[in-house]
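S.K.: Need the 3D shape of this:
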Amino acid sequence: MSRAAKLTLTASVLGSALIIWGVHHLQEQERETMFQGVLRDDERRREKMRQREEDLQRSLQKRELYERVQNVSKRAPDPDGQQ
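M.R.: Purely as a prediction, here's the structure:
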């Protein structure tokens, strides 16, 4: 094998190895980025649930306060308008 052929083969093998390593590295970075997105989504979901729970508690407190202050009838009116 001539010297030029050996250099071409070596360069091709090294180039291919670098390309494969680069693609593998990019895939690992992409996988990590996607996993971080899942963690952010979970945190947003927990925060939203916490906020909804706080809103519910505030609504229940307001209802309790209003029911103490105002006269509340438990019976709903008939749709006909008759009692």
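S.K.: Mind telling me what element the residue most central in space within the chain is part of?
M.R.: With distances taken as CA atoms, centre = their mean, the residue of the chain nearest its centroid is D41 (1.5 Å). When secondary structure is defined using DSSP states H and E, the element that contains D41 is helix 3-69.
S.K.: can you tell me the average pLDDT over that helix?
M.R.: In this model, helix 3-69 has an average pLDDT of 96.
S.K.: mind checking how far M1 is from S16?
M.R.: Between M1 and S16 the distance, using CB to CB, to the nearest Å, works out to 18 Å. All C-beta spots, glycine's among them, are computed from the backbone N, C-alpha and C.
S.K.: ugh, wrong one, I meant Q29
M.R.: Looking at Q29 against S16, where the rule is CB to CB, the gap reads 21 Å.
S.K.: what's the answer for Q70, then?
M.R.: Following CB to CB, the distance that separates Q70 from S16 is 80 Å.
S.K.: Show me which of those two is the more surrounded one.
M.R.: Summary of the neighbour comparison: Q70 and S16, criterion other CB atoms under 10 Å, with S16 having more neighbours (10 against 7).
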